[in-house]
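S.K.: coordinates only, sequence not included:
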């Protein structure tokens, strides 16, 4: 049976366990919990054996189920922001006072299914340029942000652009945001994956680029990803139950992906802001961005 692509570590764990229910295995720890009404699955790959079994680097992977968000449960947005912020804080390395964090939005702004990164950056409170110059922002953490575009637009790999900025501003950590590929249609625009291992842009759609991680940048790298596409062959198998030949030429996205990406970009931008500026409420962030 062909192995269908997925960027989601949760789906890799399901495949390893042979079903929807996942469990801890040698080298892989699994824990499930609930935060602010959102279901969380934490997967920690602890050794080389677990890394080889999962096909993922050693590290921590957190999956947030966003169904309460799109079910419009009570206070769904502020609860989602708090949930994401608190989980990101568990992944962040110790940040010295006054140290900068660089946030990077990957992807093509002109394609809705690939615009998660730039849309999130549009909803991020950027403070680095103000902290040093304005007394009002002296207590804020310096945050810088870039949206890299894609190599077809710039002629430069995203990893190279990020490395250049890292060399210039010397951040204490980097957070990269990207669209992902899922193996289940139920997870499209309905899951957020957080990780402390960085990422390889385009890996889920067979368009591998240079890795963006601590080895390549020299600083800790966190990733935030939302699955927006599924391979056509994967979808056919899910709908029919019949084996299908893997075909990397066709990917499918929800018909309302543009509106969902706008909403989720806002959620991610606010969540990262709340994680880096823990003294701010959702209302504060809205006022400062307004």
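M.R.: The structure has been received and is ready for your questions. All of these numbers come straight from a predicted model, not from anything done at the bench.

S.K.: Please work out how many residues are found near residue 210.
M.R.: 15 (other Cβ atoms under 10 Å). Backbone N, C-alpha and C define where each C-beta goes, glycine included.

S.K.: Contact partners for the closest residue in space to it that isn't next to it in sequence?
M.R.: By the measure of Cβ to Cβ, 6 or more residues apart in numbering, the closest residue to residue 210 outside its immediate chain neighbours is residue 159, 3.7 Å from it. By Cβ atoms under 8 Å, 6 or more residues apart in numbering, the residues touching residue 159 are 201, 209-212, 216.

S.K.: Restricted to helices, list these.
M.R.: Among the contacts of residue 159, DSSP state H puts residue 216 in helices.

S.K.: Buried ones among the contacts of residue 159?
M.R.: 201, 209, 211-212, 216 (16 or more other Cβ atoms under 10 Å).

S.K.: Just the closest of those residues to residue 280, please.
M.R.: residue 212 (27.1 Å; Cβ to Cβ).

S.K.: The closest one bridge partners, please.
M.R.: residue 199 (DSSP bridges).

S.K.: Pull the contacting residues for it.
M.R.: 104, 106, 158-159, 162, 174, 176, 198-201, 221, 223.

S.K.: and the gap between it and residue 218?
M.R.: From residue 212 across to residue 218, the span is 12 Å (Cβ to Cβ, to the nearest Å).

S.K.: likewise residue 54?
M.R.: The value you get for residue 54 to residue 218, if Cβ to Cβ is used, is 25 Å.

S.K.: same check, this time on residue 91
M.R.: Distance from residue 91 to residue 218, by Cβ to Cβ: 18 Å.

S.K.: how about the nearest residue to residue 182, chain neighbours excluded?
M.R.: Counting by Cβ to Cβ, 6+ apart, the residue nearest residue 182 is residue 227, at 3.6 Å.

S.K.: didn't the one you found look like it was pressed against residue 8?
M.R.: Yes. Here residue 227 reaches residue 8: they are 6.2 Å apart, a contact under Cβ atoms under 8 Å.

S.K.: and for the two, which residues touch both?
M.R.: 180, 182, 187, 191, 193.

S.K.: burial count for residue 83?
M.R.: 25.

S.K.: picking up where we left off before, turn the buried ones among the contacts of residue 159 into TSV, including pLDDT and distance to residue 257.
M.R.: As requested, the buried ones among the contacts of residue 159 are exported to TSV (pLDDT from 0 to 100; distance: Cβ to Cβ, whole Å):
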residue	pLDDT	distance to residue 257
201	77	19
209	64	22
211	89	26
212	95	24
216	94	30
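
S.K.: so which of those residues comes closest to residue 146?
M.R.: residue 212 (12.2 Å).

S.K.: Strands of the stretch 151-290 of the chain, start to end?
M.R.: 173-182, 191-195, 221-231, 251-252 (DSSP state E, counting those that start in this stretch).

S.K.: what about the ones you listed, which gets the closest to residue 22?
M.R.: strand 191-195 (14.2 Å).

S.K.: I'd like to know the average pLDDT value across that closest one.
M.R.: For strand 191-195, mean pLDDT rounds to 97.

S.K.: Return the set of buried residues in it.
M.R.: Buried residues in strand 191-195, counting neighbours by 16+ other Cβ under 10 Å, are found at 191-195.

S.K.: ok, which stretches of the stretch 1-150 of the chain are helices?
M.R.: 9-17, 48-54, 67-70, 76-91, 116-122, 128-131 (DSSP state H, counting those that start in this stretch).

S.K.: Would you mind giving the ones you listed as JSON lines with mean pLDDT and distance to residue 234 added?
M.R.: Converted to JSON lines, the helices of the stretch 1-150 of the chain look like this (pLDDT from 0 to 100; distance: least, Cβ to Cβ, whole Å):
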{"stretch": "helix 9-17", "mean pLDDT": "90", "distance to residue 234": "10"}
{"stretch": "helix 48-54", "mean pLDDT": "92", "distance to residue 234": "18"}
{"stretch": "helix 67-70", "mean pLDDT": "85", "distance to residue 234": "21"}
{"stretch": "helix 76-91", "mean pLDDT": "96", "distance to residue 234": "27"}
{"stretch": "helix 116-122", "mean pLDDT": "97", "distance to residue 234": "20"}
{"stretch": "helix 128-131", "mean pLDDT": "89", "distance to residue 234": "41"}
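
S.K.: Tell me which of residue 227 and residue 8 has more neighbours.
M.R.: Remark: of residue 227 and residue 8, residue 227 carries more neighbours, 27 against 21, as counted by other Cβ under 10 Å.
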